[in-house]
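Participant: give me coordinates for this.
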Amino acid sequence: MSKEVGIEFDEAKQKELSVPLGQRELHPSVGKYVAEVLREQEVTVAFGVPGGHVWHFIDAISRIGIKTITFCHEQNSVYAAEGYSQVTQKPAVAYGTVGPGAGNAFSAVQQAWLSNSPIIYLAGGHEVEHDGLYNTIQESYAHRFFEHVTKWSPRVIYPWQVKQFLTRGFKIATTSPRAPVALELGIDLLFSKDDEMRENYWGKFFPANMDYKPSWRGEQTTEPLSSVADPQEVARAAQTLVDAEKPFALIGDFAAWDKAGKELEELFTLMKIPFTSRRLGRGVVSENHSNYHRGFPRFRPEIDLVVSAGVKVGFFDGFGAKWPETLQIASAQEHVWTYLDTTEVLLGNIKMSVAALVDYIKANNLQAKVSPARQEWLERVQKSQGEAITVRKDRAYKYGPDHPRYKAGNQMHYGYMSQIIREVNEEVYDSAVRVMIDGYTMSDFVMPYLHFTRPASCLTANDQAGVGHGVGQAIGAAIGDLENGSRVPQLALLGDSGMMNAGWDISVAVDYKLPIVYLVTNNGGWMPGMKYAYYGPNWDVLGPQDRYGAEWMGVKMQGQERPREGIDFTQFASSIGAQSMRCTSNASFREDLKRAYSMAEKDGPVIMDCIMDRHLCNQAITSPAYALMYVHIPYDEMPQRGKAARRKMLTQWLPGLENEPEAPEWDSWEPLSEEEMGYAPTEEWMK
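Facilitator: This is a model prediction of the structure:
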């Protein structure tokens with residue numbers, strides 16, 4: 001934060017003025033109040049897009065010394081705030097004007113809601129007297145539509161509400177369960193003289209800002225409110241850990257927010273508990289730890305106790321339906337899952353609760369009472385981890401430079417790329433690179449390969465499951481790292497559609513020379529590999545006007561993908577001043593990635609335009625969920641892979657499938673044969 005501030009914040013300089021402040025300008029202003037609270041909350045940077053209804057507080061934020069980062073699109077500014085918040089573990093501030101500004105931010109605020117990121121969103125608002133008339137410029141009601149994706153979204157009417165509401169907003173956003181808070185600061189505030197309004201408000205009965213106390217908790221004002229688990233629950237949880245023969249722990253997002261890494265590491269080491277981690281929880285305990293296992297081991301049914309430390313047990317876990325008894329450690333009652341068979345719940349700050357658990361175990365020497373079979377279990381899981389690493393590596397190298405399909409060097413395999421990313425990150429940065437997962441196909445291949453050694457290293461869209469977020473998240477994460485003294489590059493793994501959605505704001509990263517590598521897995525559209533399972537190579541299931549090769553209004557149709565030559569993101573990079581390279585070969589990818597990292601560290605963002613094999617797709621497309629999503633397609637019109645998925649997943653629902661011949665299961669890593677396609681592809685690049 002800059003030490004030089006505007007004169008409205010410098011009372012000493014105000015005394016030197018020949019004309020008192022406020023005679024020729026609005027003083028004090030609502031913007032001044034906003035800026036003062038942000039400074040009190042130790043905010044150093046704010047992300048957003050300016051506009052007429054919000055200049056009153058954006059300018060004040062800047063003049064008090066807080067850095068403003070201006071984006072092209074409000075959505076990306078909120079994604080940046082999310083990335084910054086997750087990396088720094090602090091609340092982040094984002095802003096946007098009334099109407100289109102607040103509307104553009106909604107999707108990203110929803111993602112922050114689902115990722116439990118404490119963002120303070122400051123929205124503009126129209127004048128109250130025109131409510132419901134729809135006759136004024138940019139009429140919108142941010143306080144109404146944000147209430148669905150925030151913990152609190154008030155409409156601030158009076159100037160003397162600003163400090164109290166904003167202070168309360170920080171408290172609410174940072175108290176578990178963490179979540180965004182949005183404040184609508186309307187234009188009425190901009191044109192209000194606080195002192196004059198108070199003259200006729202409630203007969204001067206209430207003093208100005210009577211509900212606001214500066215630094216209300218002293219030195220702890222910026223710290224989240226927290227609590228710790230009940231001592232009796234701690235004692236029972238400790239005994240549960242002793243009694244289990246084959247426990248297995250999972251670290252989730254909320255353990256990251258509670259900074260519980262040190263305490264969890266001590267617990268797992270002390271009690272010989274193997275563990276894995278999810279999403280933001282990855283790296284909370286370094287994945288170099290000897291007890292770490294990527295995902296559940298293959299002998300998962302033998303686990304007799306799951307220790308869930310801050311895990312969102314939801315859709316991607318099958319809602320825990322196959323879990324054994326579970327010890328839940330949660331920071332808020334909203335994150336205690338009643339559909340789990342639960343032995344005990346430790347409710348409170350995860351760091352503090354686990355610390356209490358460790359202290360109780362050591363005070364009662366319970367670690368000595370663990371069965372000798374626990375050591376055998378741990379060693380078995382450790383062996384499984386080593387074997388799994390080898391299996392994954394061997395599988396990836398099978399599709400490397402020597403594979404017949406990739407020798408020509410004109411396309412790349414996601415699996416091989418994933419292994420090389422792991423190896424380069426480990427070799428060059430000791431696996432400290434933060435990775436933004438933003439690409440449907442790549443996410444399936446790369447997640448088992450990534451390896452993390454520091455908290456908040458795996459940034460995703462969480463349950464939002466969208467694309468495009470990686471552009472902004474990488475910017476926010478890079479700024480957070482730079483504030484903390486780290487210039488280790490960020491790696492944003494985007495698909496080409498996510499890049500098309502949000503890519504222009506890479507210009508912000510260029511402006512600040514942020515060390516980011518934007519690796520674009522360019523496969524020419526919204527999951528073109530999907531067509532080989534459900535539509536046919538020429539998008540045959542679609543109407544004739546939408547199939548590949550059809551002519552519509554004199555234009556050749558491409559189905560739901562882009563032509564092979566597609567979008568050249570190196571040319572896009574040149575237009576915004578970014579560095580770039582086009583990557584088409586497995587053989588050179590290792591050195592390409594190293595070079596990109598080096599360039600990013602030195603001169604700012606690099607866009608890697610990587611041409612991928614379009615045959616490959618996320619294996620989830622033949623899961624029960626996708627089989628249901630495509631159940632409307634006539635069975636006889638589907639390709640072999642779609643038939644196999646429907647027959648395997650939906651026979652109990654569609655009894656006619658029992659009479660169909662069994663279709664062979666397919667490997668999502670394996671390119672298609674012409675026999676599997678059913679006919680010769682229309683274009684050479686479809687082969």
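
Participant: tell me the centre residue of this protein?
Facilitator: By Cα atoms, centre = their mean, the chain has its centre lying nearest to T460, at 3.0 Å.

Participant: what's the pLDDT at that residue?
Facilitator: The predicted structure scores T460 at 94 on the pLDDT scale.

Participant: that one against R278, yeah?
Facilitator: No. Contact status for T460 versus R278: not in contact, 9.6 Å apart, counting by Cβ atoms under 8 Å. For the C-beta atoms, the positions are set from N, CA and C on the backbone; glycine is no exception.

Participant: just give the nearest non-adjacent residue to R217, would you?
Facilitator: The shortest distance from R217 to any residue other than its chain neighbours is 7.3 Å, reached at E223 (Cβ to Cβ, 6 or more residues apart in numbering).

Participant: and that neighbour, what are its phi and psi?
Facilitator: Backbone torsions of E223, given as degrees, to the nearest 10, read phi -90, psi 140.

Participant: go on, R434?
Facilitator: The phi and psi torsions at R434 (degrees, to the nearest 10) take the values phi -80, psi 140.

Participant: and I576, how close does it get to D511?
Facilitator: Distance of I576 to D511, given as Cβ to Cβ, to the nearest Å: 9 Å.

Participant: more neighbours: those two, which one.
Facilitator: More neighbours surround I576 than the other of I576 and D511, with 18 against 15 (other Cβ atoms under 10 Å).

Participant: surely the more buried one and I506 touch.
Facilitator: Yes. Checked against Cβ under 8 Å, the pair I576 and I506 is within contact range at 6.1 Å.

Participant: any stretches of the stretch 101-250 of the chain with poor pLDDT?
Facilitator: Of all residues in the stretch 101-250 of the chain, those with pLDDT under 70 make up the ranges 200, 202-206.

Participant: how about the helices in the stretch 451-600 of the chain?
Facilitator: Using DSSP state H, counting those that start in this stretch, the helices of the stretch 451-600 of the chain run over 469-483, 496-502, 506-511, 569-576, 586-603.

Participant: residues in contact with the residue lying closest to G409 once chain neighbours are set aside?
Facilitator: Spatial nearest neighbour of G409, excluding adjacent residues (Cβ to Cβ, 6+ apart): S585 at 3.6 Å. Residues in contact with S585, defined by Cβ atoms under 8 Å, 6 or more residues apart in numbering, are P401, Y406, G409, N410, M412.

Participant: now the helices of the stretch 451-600 of the chain in JSON lines, with distance to R236 and mean pLDDT?
Facilitator: Formatted as JSON lines, the entries for the helices of the stretch 451-600 of the chain read as follows, by distance: least, Cβ to Cβ, whole Å; pLDDT from 0 to 100:
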{"stretch": "helix 469-483", "distance to R236": "39", "mean pLDDT": "97"}
{"stretch": "helix 496-502", "distance to R236": "46", "mean pLDDT": "93"}
{"stretch": "helix 506-511", "distance to R236": "50", "mean pLDDT": "98"}
{"stretch": "helix 569-576", "distance to R236": "56", "mean pLDDT": "96"}
{"stretch": "helix 586-603", "distance to R236": "48", "mean pLDDT": "98"}
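
Participant: out of these, which gets nearest to W113?
Facilitator: In this view, those are compared for proximity to W113 by Cβ to Cβ, and helix 469-483 is the closest at 13.3 Å.

Participant: which ones are touching L38?
Facilitator: L38 sits in contact with A46, I61, I64, I66, V93, L166, where contact means Cβ under 8 Å, 6+ apart.

Participant: helix, strand or coil for it?
Facilitator: Secondary structure for L38, judged by DSSP: H, G, I helix; E, B strand; the rest coil, is helix.

Participant: what pLDDT does it get?
Facilitator: On pLDDT, L38 comes in at 97.

Participant: gap between it and I479?
Facilitator: Following Cβ to Cβ, the distance that separates L38 from I479 is 16 Å.

Participant: the residue nearest to E561 when sequence neighbours are not counted - how many residues pack around it?
Facilitator: Beyond its immediate neighbours in the sequence, the residue positioned closest to E561 (Cβ to Cβ, 6+ apart) is G525, lying 3.2 Å away. With neighbours defined by other Cβ under 10 Å, the count for G525 comes to 22.

Participant: G525 and D496 touch, don't they?
Facilitator: Yes. Applying Cβ under 8 Å, one finds G525 in contact with D496, separated by 7.3 Å.

Participant: just the helices from the stretch 51-200 of the chain, written as ranges.
Facilitator: 55-63, 74-88, 100-114, 142-145, 162-174, 187-190, 194-199.

Participant: what packs against the third one?
Facilitator: Translated: helix 100-114. Under the contact criterion of 3 or more Cβ pairs under 8 Å, 6 or more residues apart in numbering; DSSP states H and E, the helices and strands touching helix 100-114 comprise helix 74-88, strand 92-96, strand 119-125, helix 142-145, helix 469-483.

Participant: make CSV out of these and add mean neighbour count and distance to H335.
Facilitator: As requested, the helices and strands packed on helix 100-114 are exported to CSV (neighbours: other Cβ atoms under 10 Å; distance: least, Cβ to Cβ, whole Å):
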stretch, mean neighbour count, distance to H335
helix 74-88, 30, 17
strand 92-96, 30, 21
strand 119-125, 29, 19
helix 142-145, 20, 25
helix 469-483, 28, 22
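
Participant: distance from stretch 368-383 to the middle of the chain?
Facilitator: Centroid separation for stretch 368-383 versus its chain: 35 Å, with Cα atoms, centre = their mean, to the nearest Å.

Participant: give me the contact list for that stretch.
Facilitator: Contacts to stretch 368-383, defined as Cβ under 8 Å, 6+ apart, come from residues 242, 245-248, 271-274, 290-291, 293, 297, 299.

Participant: among those residues, which ones are in strands?
Facilitator: Among these, the residues falling in strands (DSSP state E) are P247, F248.
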